[in-house]
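1. Compute the structure for the input listed below.
(one chain, ligands or ions: 1)
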Amino acid sequence: MIREINFDGIVGPSHNYAGLSLGNLASSRHAGHVSRPRAAALQGIEKMRANLALGLAQGILVPQPRPATGWLASLGVTFDDAEPVLAANAMSASSMWAANAATVSPAPDTSDGRCHLTVANLQTMPHRSHEWRATLAQLRLAFAAPAFTVHAPVPSFGDEGAANHMRLAPSHGQPGVEIFVYGVSGGPFPARQHLEASKAVARLHRLDPDRTYFAAQSDSAIAAGAFHNDVVAVASGRVLFAHEQAFADKAALFDWCEARIDGFELVEVAAADVSLGDAITSYLFNSQLVILEDGTTTLVAPTECAETPSVKAWIDRHLASNGAIRRVEYVDVRQSMANGGGPACLRLRVQCDPVEVDPRFLVDDAKLDRLEKVIEAHWPSEAHSGAIQDPAFVQTVVAARRTLLAELGLETLEESE
Ligand code: SUG
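-> Residues are numbered from 1 along each chain as shown. Alright, predicted model coming up:
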């Protein structure tokens, strides 16, 4: 049976704040701060436990090899000789944000009846541009069954994966519609998702053109710090939850959804209630929007939402009004939030039959206990972005990942960079 599985990126041992993402305000604001890789990874494990407690299926993606020595070699430099900024680019733990790993179209939407995944090229940001190789290796392993087709990244045009893709469907296993959101320009910040890339992914995934929509992000959203659409909108089932200023032409998009999804429910948050600024600092729309077994639409929101008065007031009003979202759970992913990654950034949704997935990538509470022990014993407690070339730190990072892969029986991914 088709279910939705959230594959969370395990936060890697090199997690640090180097301020590498222009346009991602949290990343810039925390540049140079001391990070806590162990606490960050444990927060991620707790979030997965919260998903399991809600009755959801849960998977993992593992950290990538760091430093990215192959990428540095193709730039003609070794890690030890690299200038500090380049070294930081090679040490980033950014693959934790699994929503940027790939775009996923489940089998009911595709003309060949397979679930298609296209790895994102992430070419706009240097520190993320080298993620795709290890992601491809990992997805080809996790989704090796004939039920899946895993595509290499599209060339030439910026693609940031599922963070700019939304699906609406009466239920996960029924045919749905897919919405690709792209940026044109965002004032001082780069638009990271290009229309040409989204169109290529839709073609590769054999989607029905009549059930596929390409929506431009509003320039004001990008300029306010919405470097990915999933910072201002999220969809699941029949529900589209979006900020009033997320899209360049919201009326056209909403009419299109209305015409294609029976019982389409729009939950739109007015700028007068929650400003774009508050939406971005609280990451309200970067919540996981999930549908529980009993059909309850639930929001798994970052704790920052409960601490942002306008957002908390909106949530409380919505719940009291018996709106489409019936329940809200708060999770603490502060270490990731400080780099601009909320609960939804940390997961890649795949709608498929769990028996088709390599079981090494699926978790239950007992497996999370084992992962927690590895993290507690091997992840560094602190990382200083100015000292990530320190040989002792690098050694710890390499050994920590190796121990995790051994625990999961995934040693084959050791050299996947
Ligand atoms: O690409 N941050 C990530 C955050 C990604 C969030 N993902 C989604 N919205 N789906 C990014 O900007 C921080 C880099 C640093 O400063 O170390 C970083 O890459």
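2. List the contacts of the most centrally placed residue in the chain.
-> Centroid-nearest residue in the chain: Ala99, 2.1 Å away (criterion: Cα atoms, centre = their mean). With contact set as Cβ atoms under 8 Å, 6 or more residues apart in numbering, Ala99 has these partners: 161-163, 228, 230, 344-348. Any C-beta I mention is one placed from the backbone N, CA and C, and that applies to glycine too.
3. Kindly recompute the last result at 6 Å.
-> Remark: with contacts taken as Cβ atoms under 6 Å, 6 or more residues apart in numbering, Ala99 is in contact with 162-163, 345, 348.
4. do the same with Glu268
-> When contacts are counted by Cβ under 6 Å, 6+ apart, Glu268 touches 242, 244.
5. cool, Gly32 as well?
-> Contact analysis of Gly32 by Cβ under 6 Å, 6+ apart lists Ser385.
6. Please report how far it lies from the ligand.
-> 10 Å (Cβ to the nearest ligand atom, to the nearest Å).
7. coming back round to it: the contacts of Ala99: which ones sit near the ligand?
-> When Cβ under 6 Å from any ligand atom is applied, the members of the contacts of Ala99 adjacent to the ligand are 163, 345.
8. Just the buried ones from the contacts of Ala99?
-> When burial is judged by neighbour count using 16 or more other Cβ atoms under 10 Å, the buried members of the contacts of Ala99 are 162-163, 345, 348.
9. Looking at those, which one is closest to Glu46?
-> Cys345 (16.0 Å; Cβ to Cβ).
10. element containing the closest one?
-> With elements delineated by DSSP states H and E, Cys345 resides in a region that no helix or strand encompasses.
11. Name the nearest residue to it, sequence neighbours excluded.
-> On the basis of Cβ to Cβ, 6 or more residues apart in numbering, the spatially nearest residue to Cys345 that is not a chain neighbour turns out to be Trp97, at 4.3 Å.
12. Do you know the pLDDT at the one you found?
-> For Trp97, the model assigns a pLDDT of 98.
13. For the residue nearest to Phe148 when sequence neighbours are not counted, what are phi and psi?
-> Nearest residue to Phe148 in three dimensions, chain neighbours excluded: Cys115, at 5.0 Å (Cβ to Cβ, 6+ apart). The main-chain torsion angles of Cys115 are listed as degrees, to the nearest 10 and equal phi -90, psi 120.
14. Ok, Arg349 next?
-> Backbone geometry at Arg349, expressed as degrees, to the nearest 10, gives phi -90, psi 130.
15. Just list the residues touching it, thanks.
-> Contacts here follow Cβ under 6 Å, 6+ apart; on that basis Arg349 touches 4, 6.
16. Could you tell me how far it is located from Arg167?
-> Distance, Arg349 to Arg167, using Cβ to Cβ, to the nearest Å: 8 Å.
17. What segments of the stretch 1-150 of the chain are helices?
-> Per DSSP state H, counting those that start in this stretch, the stretch 1-150 of the chain carries helices over the ranges 25-29, 37-53, 69-74, 84-91, 126-129, 132-142.
18. rank those by pLDDT, which is bottom?
-> The stretch with the lowest mean pLDDT among the helices of the stretch 1-150 of the chain is helix 25-29, which comes in at a mean of 94.
19. can you give me how far that helix is from the chain middle?
-> The offset between the C-alpha centroid of helix 25-29 and the centroid of the whole chain comes to 17 Å, using Cα atoms, centre = their mean, to the nearest Å.
20. now stretch 229-237
-> The answer for stretch 229-237 is 11 Å, by Cα atoms, centre = their mean.
21. same question, stretch 25-41
-> The answer for stretch 25-41 is 17 Å, by Cα atoms, centre = their mean.
22. interface residues of the stretch 101-250 of the chain facing the ligand?
-> For the stretch 101-250 of the chain, the residues in contact with the ligand (Cβ under 6 Å from any ligand atom) are 125, 128, 163, 227-228, 230-231.
23. please redo it, this time with the cut-off set to 8 Å
-> By Cβ under 8 Å from any ligand atom, the part of the stretch 101-250 of the chain that sits against the ligand consists of 122, 125, 127-128, 160-163, 192, 227-228, 230-231.
24. what's the burial count for the nearest residue to Met125 once chain neighbours are set aside?
-> Leaving aside its sequence neighbours, Met125 sits nearest to Ser21 (Cβ to Cβ, 6+ apart; 5.8 Å). If you count neighbours by other Cβ atoms under 10 Å, Ser21 ends up with 24.
25. Give me the distance between Ser21 and Ala152.
-> Between Ser21 and Ala152 the distance, using Cβ to Cβ, works out to 24 Å.
26. next one: Met1
-> The span separating Met1 from Ala152 equals 30 Å under the rule Cβ to Cβ.
27. More neighbours: the two, which one.
-> Residue environment comparison for Met1 versus Ala152 gives the larger neighbour count to Ala152, 13 against 8, counting by other Cβ under 10 Å.
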